[in-house]
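Undergrad: Using only what follows, build the 3D model:
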Amino acid sequence: MSEDERIDARLTALFASSEPAPDPAFVARIERAVLAERQLARARAVAWRQFRGEAAASLAIIVAFALLWRLAPEAMTLEQLGTGPAAAGLLLLFLWFAVVLRPAATGK
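TA: The predicted structure follows:
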């Protein structure tokens, strides 16, 4: 048997090997990636839902301040500031922070 025939026989034997067994580590890695993608999609949906709610609430606050600004009289003295639209706007802002921050919901 010549050198070329020996190399050909060896290559034939190598290429004729049976199909390799499935790799369980690869399958587990792909399953974890799919699970992580599903969890990220759920978290992304929740984040967008919260963003839309907070954007709508922020828009409501801005509209309320714009309306309060229009209601303010031209010449307001310092004594009237506590009962004027600015005080109502400040109260509205504090209420907004109380709703958004919700210390009881954070578990702290």
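Undergrad: helix or strand right after the host helix or strand of Arg10?
TA: Using DSSP states H and E, Arg10 maps to helix 3-15. Next helix or strand after helix 3-15 toward the C-terminus (DSSP H and E): helix 24-71.
Undergrad: What helices and strands are in contact with that next one?
TA: Other helices and strands packing on helix 24-71, by 3 or more C-beta pairs under 8 Å, 6 or more residues apart in numbering; DSSP states H and E, are helix 85-101. (Each C-beta comes from the backbone N, C-alpha and C, glycine too.)
Undergrad: Now do the helix it packs on and helix 24-71, the angle between them.
TA: Orientation check (axes from the mean of the first three to the mean of the last three C-alpha atoms, to 10 degrees): helix 85-101 against helix 24-71 gives 170 degrees.
Undergrad: roughly how far out does helix 85-101 sit from the chain middle?
TA: 26 Å (C-alpha atoms, centre = their mean, to the nearest Å).
Undergrad: Quick one: mean pLDDT over it.
TA: For helix 85-101, mean pLDDT rounds to 72.
Undergrad: related to what we said a few turns ago, who are the packing partners of the helix holding Arg10?
TA: Counting by 3+ C-beta pairs under 8 Å, 6+ apart, helix 3-15 packs on no helix or strand.
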